[in-house]
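Novice: turn this into a model:
(one chain, ligands or ions: 2)
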Amino acid sequence: MTVRAAVAGASGYAGGELLRTLLTHPEVEIGTLTANSNAGQPLGALQPHLTPLAERVLEPTTAETLAGHDVVFLALPHGQSAAVAEQLGPDVLVVDMGADFRLADAADWERFYGSEHAGTWPYGLPELPGARAALAGTKRIAVPGCYPTAVSLALFPAYAAGLVEDEAVIVAASGTSGAGKAAKPHLLGSEVMGSMSPYGVGGVHRHTPEMIQNLSAAAGTRVSVSFTPTLAPMPRGILATCSAKARPGVTAESVRATYEKAFADEPFVRLLPEGQWPATASVYGSNAVHVQVAHDPGSGRVIVISAIDNLTKGTAGGAVQSMNIALGLPEELGLSTIGVAP
Ligand SMILES: NC(=O)C1=CN([C@@H]2O[C@H](COP(=O)(O)OP(=O)(O)OC[C@H]3O[C@@H](n4cnc5c(N)ncnc54)[C@H](OP(=O)(O)O)[C@@H]3O)[C@@H](O)[C@H]2O)C=CC1
Ligand SMILES: CC(=O)N[C@@H](CCC(=O)OP(=O)(O)O)C(=O)O
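Specialist: Numbers count the residues shown, from 1 in each chain. Ligands and ions are numbered 1, 2, ... in the order given. Reported below is the predicted structural model:
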């Protein structure tokens, strides 16, 4: 089975990482590549690392340029996907890497994104309970946000198994590519180099409702979330430090046993050996998720730390993993757990 895939937003970070992945996917033929202000440019002028595609010219993002494909990936800014998606036929697999279709609750969408809710599509985090069944055969996929990927994978087993209760407290560091390519004053090299800083503090980050949605589904009851993102002086990677109050009787052994069971058959999630801690460098450029757990009897909390590459498992790799499931292809096709070191 060869599928022809178009990429809208091919000049951006998420689109670039997607193309890097699709170039090694044995069942994908890369079709139209589109952009907005950069339409008309050769891809090589914007994504020089994608050498095999350097001569390809970016087209405008329209229903016409995206027609005639089996799969269309939308790597566009928030709020831009819905209008494009509704012009693509029901038989085309549309994979939205933006936020437009991630949330089930329209009020949450309106509060955090400030626009009308476009709808809800099957959620592209296959490791969550029930997700693979919802993705199989679907023609629409909402790829999660990068922080919700790292955090949901870290904490869903603890909530699903009833190891923890109440609020999750999360502090996560992200590399600067998470903010996209568009120039932003707080992301100038001189502001970011050699410094770490928080942002979106106090429950205002738009990924908070997405985390609540995922963890509440796992717990079977509403979970509240305190989420503090921080910006780290690195191009890629997320390190999420997550904790929640342990239920009585929970021990280090029961926490470890729960996570060993949860991830035993997961091709991309690795519970590290005891004593080894996740690091963003170990998952750089790979679709792997590294996780470690601890039980702190002093504070009565379960602590879970996860590391992902925000552009790979956090968006492009996750998108391809979900596409594979939707098309009935082997889930790991075209994806790697091999990082780059040093
Ligand atoms: N960066 C990350 O780590 C992650 C990103 N995502 C999501 O992926 C999507 C893209 O993000 P990212 O690649 O980082 O952003 P970038 O700013 O790097 O890229 C944005 C892309 O969208 C195009 N674009 C901008 N405005 C429009 C428009 N009005 N109509 C059509 N195309 C437009 C740009 O084209 P041009 O260059 O011509 O202006 C560019 O190709 C976002 O929704 C983001 O939330 C999800 C998870 C992680
Ligand atoms: C460092 C940084 O700025 N990160 C982005 C998250 C990027 C992402 O994955 O999220 P979306 O797909 O929802 O844009 C942020 O905090 O807004």
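Novice: contacts made by the lowest-mean-pLDDT helix or strand in the chain with the rest, please.
Specialist: Taking mean pLDDT, DSSP states H and E as the measure, the helices and strands of the chain show their lowest mean at helix 189-192, namely a mean of 86. With contact meaning CB atoms under 8 Å, 6 or more residues apart in numbering, helix 189-192 is reached by T176, P185, H186, L231, P233. For glycine as for every other residue, the C-beta is placed from the backbone atoms N, C-alpha and C.
Novice: buried subset of those residues, written for PyMOL?
Specialist: One line in PyMOL is enough to select the buried members of the contacts of helix 189-192, burial here meaning 16 or more other CB atoms under 10 Å:
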select buried, resi 176+231
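Novice: how about the contacts of helix 189-192, which pair is most distant?
Specialist: Every pair in the contacts of helix 189-192 was compared (CB to CB); the two farthest apart turn out to be P185 and P233, at 16.0 Å.
Novice: T230 and S195 touch, don't they?
Specialist: No - T230 is not in contact with S195 according to CB atoms under 8 Å; the separation is 10.4 Å.
Novice: of those two, which one has the most company?
Specialist: Set T230 next to S195 and count neighbours by other CB atoms under 10 Å: T230 wins out with 15 against 10.
Novice: ok, the helix or strand encompassing the more buried one: who's next to it in the sheet?
Specialist: Take DSSP states H and E as the rule and T230 turns out to sit in strand 225-231. The pairing partners recorded for strand 225-231 under DSSP bridges are strand 164-174 (parallel), strand 197-198 (antiparallel).
Novice: ranking the ones you listed by burial, who's on top?
Specialist: Counting by mean count of other CB atoms under 10 Å, strand 164-174 has the highest mean neighbour count of those, with a mean of 20.
Novice: what residues does it touch?
Specialist: Contacts to strand 164-174, defined as CB under 8 Å, 6+ apart, come from residues 146-147, 150-151, 155, 158-159, 196, 211, 215, 223-232, 237-247, 250, 302, 310.
Novice: list only buried entries from those.
Specialist: 146-147, 150-151, 155, 158-159, 211, 215, 223, 225, 227-229, 231-232, 237-247, 250, 302, 310.
Novice: can you list the residues of this structure near ligand 2?
Specialist: When proximity is defined as CB under 6 Å from any ligand atom, the chain approaches ligand 2 at A99, G145, C146, S174, G178, A179, P229, L231, G314.
Novice: show me where the chain has helices.
Specialist: Secondary structure of the chain (DSSP state H): helices at 13-22, 43-46, 63-66, 81-85, 106-113, 131-135, 146-160, 189-192, 208-219, 252-263, 317-327.
Novice: can you lay out these as a markdown table showing distance to ligand 1?
Specialist: Shown next, in a markdown table, are the helices of the chain (distance: least, CB to the nearest ligand atom, whole Å):
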| stretch | distance to ligand 1 |
| --- | --- |
| helix 13-22 | 3 |
| helix 43-46 | 7 |
| helix 63-66 | 11 |
| helix 81-85 | 7 |
| helix 106-113 | 11 |
| helix 131-135 | 17 |
| helix 146-160 | 4 |
| helix 189-192 | 15 |
| helix 208-219 | 11 |
| helix 252-263 | 22 |
| helix 317-327 | 8 |
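Novice: A6 reaches F73, doesn't it?
Specialist: Yes - under the criterion of CB under 8 Å, A6 lies in contact with F73, with a separation of 7.1 Å.
Novice: all set now, cheers.
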